[in-house]
Each structure stands twice: as structure tokens, then as C-alpha cells.
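Peer 1: task: produce atomic coordinates for the following.
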Amino acid sequence: MPLMGMTMEEGIISTWLVAEGDTVQEGDPILEFETDKINATIDAPADGIIGGISAAPGVSVKVQGIVCYLLEPGEELPAGDPEPPAVAPAPVSPAAPPAPPTPAQSAPVAAAPVPPPTPNGRAKASPLARKIAAAQGLDLTTVQGSGPGGRIVAEDLSAVAPAAPVIAVAATAPAGSAGRIKSSPFARKLAAEAGIDIATLTGSGPNGRIVADDVRAAEAAPPAVAAALRAPAASTDMVSSTVPFTGIRRLIADRMVESLTNSAQLTLVSEADATALVGLRNELAAQYESTIGFRIAYNDLFARIAVRALGEHPNMNARLEGDQIVLLPYVNIGLAIDLEGGLAVPNVKNAEGMQLVELAVALRESISRATAGSLTLDDVTGGTFTITSLGPMDVDAFTPVLNPPECAILGIGRIQPKPAVFEDEVTVRQMVTLSLTFDHRLNDGAPAARFLQRIKQLLEHPYLLI
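Peer 2: Numbers count the residues shown, from 1 in each chain. Purely as a prediction, here's the structure:
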């Protein structure tokens, strides 16, 4: 397991792209894994044969821990090492045998080039592809894969006709507490937009959880395949359930405890009048949407305000290195993003030299990579300051936790109309609550308060950004 960042301690096995006994060449992707921040791939460092696979999907492996061996032809596993546990293949539903051809059937259509099966006789395929193939009665060794290393993915099966009509009985999607279907928020959102009843899908995620790929597959698949992917509606009876405290959830928990344990965190709260900011945002959104392809968001403005304030208060753009407080000459602004698998904080490098539109485009690119699961190590390391917003979830104020080794983080609540005193009169204004958490080891309360005060000034008078 490689080290992907200074704070990484372990990685979670996502998917094996090879099987025991497979022959690989240098540079071939052999394994996908994830940390609390990114998804990554391990490539073969040399030519050889895969042996001794010792970690199944979902298992956490410490940095530098062995996940498998790369052997020369005829080479045995190192003596003295314990026999590695076998990796169970992805479960495959029993498929109905192909119906015998009848004289009335037309001549078969020429098949696409077929990839050779792996040495153990199994084709390289994703779990979801195996599920679809089983429902259709397809032999995966006859399908051409378009994934990494020729791996068969769900999309490869959409254009392949089943060998015979199949009546598939899918397992009922597992229910969570209070009878709710186990599904990710993003999967539920996609299902609602596509008009798909989430309760009719069978999940391919951990413990049968329905994830976004299950919804996409059901939406894109032909009617016969879509029917095979769907399951009877779950019972609404209330049942108890447990969620394993492992994987990404455990990694995020460990990072949060580490952050609170190794720093002296204090949060300052201030309410600001965002009426002018709302007006500016609406004006800019309409002005630039046709040229940049999206509407300027509040987070873009908050990021620009934070960058400007950090330039004036470098003590808040600092980190502790040994016995020295280092004031950084650049601002790498991070934005906390809620993803299906957990929290990620990609950052935009050298934001101090960007104007608003340039920064907005860079932030949008980071968000796109995050939602696509393609963040790189550079995206999630080197940040100097983070902003995090729970306004879209109707949260007014909260206590953000530092993202080490940064010394401050700005939390933003929802912008909402409230009665407020403006020019000596009570009137309705657009108000927002700001929460600044900082490391009291590096800064005292007064300097941090002045920084928050400056953010409030820029927010209430955004023309000062020009």
C-alpha cells in the first residue's frame, strides 16, 4: 500500500482489477483503493504474475502493508509468510441456461473480438457487470471489455443481446433503520431525477447499499436489463440494523479526533448582512453564465473574500512546523465537498493571483473531479485555508473542525431573510452566520477576531473586492 500524502495511514481496497495467477506487464493497473480524501490505482511496478492476494475489497491496509506479490514465472511465495486469505469472487446470481436454437432463429450476428479469460478462467469484470451478465444469461468470456486492462464494465453489456429470455428474481434491496432503503444520498438524488423508485433497485455497494452506479445502470440499460436490475419493494416493517464503523467512515473519524487532539481549537461566531452580496451574486451569475457555462455561486464569492482577507492577515494563512510558525507566501484555498463516500477538501493552488471568475472556474473543476472520483494527490494536499458551507442544508451556524495542518477554517451558514437594523430602521435583510475555527496555539483571539471582522466587512461591502 503506497503512501499518498503525509497524513495517510491506511487505504481501503476498492476493487481488484486482476485475479490470482494473472500475468501483468509493468504499468498495468492491478488494484483500486481509496483513502479519506482520494481514489487511486496501484500499477504493476514490473512484469510478473499476481500471487498471494491478501486483502479483499472493503479491507483497510496500513501504508506499506502487503496486498499481493508480483512473482517471476515459477517463483513461489516468500517462505515464512502466512498463507494469504483467499479473496472471494464477486457474487454472481445463477443464470438461466441459454435456450436451444430453433430452426426459425436467424443466423447469429458476428461477435466482437473476445478478450482472453484470466488464467483462473474468470473474465475480468466489475461486480455490477457480473450481476447484469448473470441476469441476461451472458458468458462474460464472450464480451469485449472497455475498462482498464480490458476489464468488462456495465456499459459493455448494454449493446449485447442475452442468449435467451431470462426471468431474473433479484434479491430484495436491504432496508436500513425504520425500513428505509440502504442507499447513498447521491443515488437517491439521481433516482428522483430519473423517475426511478429507489426501492426497486438492487445495490452493489457495501452490505447491498444502493450507490449512484446502480441508478445509472438501471437508467441506461435496455428494458430487459433494467428489469433484471430491479428488485421487489422492500418491506416497510421497522427493523434494527448496524453499519460497520470501518472504511472511509472510520478514517474520517480518526482524522477528526486527531485534529481535535493535536490542536487548541476555538470558534468565533459573527452574523453578517449579506444583502449586498446576494445582489452582486445575482448580477454576476446572469452576466457570466453564457461565457463560463455555469452560474457564479456564493462559495465562489466566499472563497474570493477569504483569499483577500488572508492576504491582509497572513497570520491566519500559516502552519506549525516543529518549533516555528511558518507564514505562507501563497494561498491554496480549499472547499469542503460532501461526496457519496465521505468528505473531501480539494484546494485551488495560488488563489491569491486569481480574479473572481478565474477562481470560480478553478473551484468548479475541483468539484467536478471530486464528484467523478478523480481527485489527485495534488488536489487534496498543500491547502492553507478551508471554507465549508452547510447553508444548502438549512444550517444557520456550526463549529467546523480544522483541516490539519491548516490553522483556520471558515464555516458558512445559510443566507436567509431576517429582521435586522439597517440605517436605524428595522427592516428585512439577507443575513448569514460565519463561524471561524482557529488554532489557538498559532493565534490569539484578538488577531483571529480581526480577521473574521475583515471577512464580514468584505461580505457586507463586496465592492471593496474590486
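
Peer 1: following the chain past the lengthiest helix in the chain, name the next helix or strand.
Peer 2: Longest helix in the chain by number of residues (criterion: DSSP state H): helix 275-292. Following helix 275-292 in sequence order, the next helix or strand is helix 298-312 (DSSP states H and E).

Peer 1: which residues sit against that next one?
Peer 2: Helix 298-312 is touched from outside by 277, 280-281, 316-317, 331, 333, 335, 348, 351-352, 354, 356, 359-360, 363, 384-385, 387, 389, 391, 410, 412, 415, 451, 454-455, 458-459, 462, 465, with contacts defined as C-beta atoms under 8 Å, 6 or more residues apart in numbering. Every C-beta, even on glycine, is put in place using the N, C-alpha and C of the backbone.

Peer 1: among those, name the ones in helices.
Peer 2: 277, 280-281, 356, 359-360, 363, 451, 454-455, 458-459.

Peer 1: what's the closest of those residues to residue 22?
Peer 2: residue 363 (40.5 Å; C-beta to C-beta).

Peer 1: and stretch 33-44, what's buried?
Peer 2: Neighbour counts using 16 or more other C-beta atoms under 10 Å place 33-40, 42, 44 of stretch 33-44 among the buried residues.

Peer 1: okay, the residues you listed in TSV with secondary structure, pLDDT and distance to residue 69 next?
Peer 2: Below are those laid out as TSV (DSSP: H, G, I helix; E, B strand; the rest coil; pLDDT from 0 to 100; distance: C-beta to C-beta, whole Å):
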residue	secondary structure	pLDDT	distance to residue 69
33	strand	86	17
34	strand	81	22
35	coil	75	23
36	coil	62	27
37	coil	61	28
38	coil	71	25
39	strand	73	24
40	strand	79	20
42	strand	87	13
44	coil	89	11
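
Peer 1: nearest to residue 181, of the residues you listed?
Peer 2: For those, the closest approach to residue 181 (C-beta to C-beta) belongs to residue 34, at 23.5 Å.

Peer 1: name the nearest of the buried residues of stretch 33-44 relative to residue 264.
Peer 2: residue 36 (23.0 Å).

Peer 1: bridging residues for residue 48?
Peer 2: Under the criterion DSSP bridges, residue 48 forms beta bridges with residue 24.

Peer 1: tell me the contacts of it?
Peer 2: Residues in contact with residue 48, defined by C-beta under 8 Å, 6+ apart, are 23-24, 70-72.

Peer 1: out of these, which is most surrounded?
Peer 2: Within these, neighbour counts (other C-beta atoms under 10 Å) peak at residue 24, which reaches 20 neighbours.

Peer 1: helices along the protein, start to end?
Peer 2: Secondary structure of the chain, counting by DSSP H: helices at 127-136, 185-194, 212-220, 223-229, 247-261, 275-292, 298-312, 356-371, 377-380, 445-460.

Peer 1: quick check: buried residues in the shortest one?
Peer 2: Residues of helix 377-380 classed as buried: 379-380 (neighbour count, 16+ other C-beta under 10 Å).

Peer 1: where in the stretch 201-350 of the chain is pLDDT low?
Peer 2: Applying pLDDT under 70 to the stretch 201-350 of the chain flags the ranges 206-207, 220-237, 247-248, 251, 341.

Peer 1: what's the neighbour count on residue 463?
Peer 2: That count, for residue 463 with other C-beta under 10 Å as the rule, works out to 8.

Peer 1: what does the model give it for pLDDT?
Peer 2: The pLDDT attached to residue 463 in the predicted structure is 84.

Peer 1: same check, this time on residue 155
Peer 2: What the model reports for residue 155 is a pLDDT of 62.

Peer 1: tilt between the longest strand seen in the chain and helix 247-261?
Peer 2: Identified as the longest strand of the chain according to DSSP state E is strand 425-439. Comparing the axes of strand 425-439 and helix 247-261 via axes from the mean of the first three to the mean of the last three C-alpha atoms, to 10 degrees yields an angle of 90 degrees.

Peer 1: what is the distance between strand 425-439 and the centre of its chain?
Peer 2: In terms of C-alpha atoms, centre = their mean, to the nearest Å, the centre of strand 425-439 is set 30 Å apart from its chain centre.

Peer 1: return the list of strands paired to it, each annotated with direction.
Peer 2: Strand 425-439 has the following strand partners under DSSP bridges: strand 265-273 (antiparallel), strand 408-412 (antiparallel), strand 416-422 (antiparallel).

Peer 1: what sits up against the last one?
Peer 2: Taking contacts as C-beta under 8 Å, 6+ apart, the residues outside strand 416-422 that touch it are 273, 396, 426-432.

Peer 1: any of the residues you listed buried? List them.
Peer 2: Neighbour-count burial (16+ other C-beta under 10 Å) is assigned, among those, to 273, 429-432.

Peer 1: going by distance to residue 184, which of those wins?
Peer 2: Nearest to residue 184 among these: residue 432, at 28.8 Å, using C-beta to C-beta.

Peer 1: can you tell me how far the closest one is from residue 276?
Peer 2: Residue 432 sits 12 Å away from residue 276, going by C-beta to C-beta, to the nearest Å.

Peer 1: with residue 211 instead?
Peer 2: To residue 276, residue 211 is 41 Å away according to C-beta to C-beta.

Peer 1: and if you look at residue 79?
Peer 2: Per C-beta to C-beta, residue 79 is found 73 Å from residue 276.

Peer 1: which of the two has more neighbours?
Peer 2: Higher neighbour count among residue 79 and residue 276: residue 276, with 15 against 5, using other C-beta under 10 Å.

Peer 1: tell me how far the spatially closest residue to that one that is not a sequence neighbour lies from residue 258.
Peer 2: Among residues not flanking residue 276 along the chain, residue 462 sits closest, at 5.7 Å (C-beta to C-beta, 6 or more residues apart in numbering). Distance of residue 462 to residue 258, given as C-beta to C-beta: 36 Å.

Peer 1: show me which of these two is the more surrounded one.
Peer 2: Here residue 462 and residue 258 are compared on neighbour count by other C-beta under 10 Å; more neighbours surround residue 462, at 21 against 13.

Peer 1: can you verify my assumption that that one contacts residue 283?
Peer 2: No - with contacts counted by C-beta atoms under 8 Å, residue 462 stays clear of residue 283, the gap being 10.4 Å.
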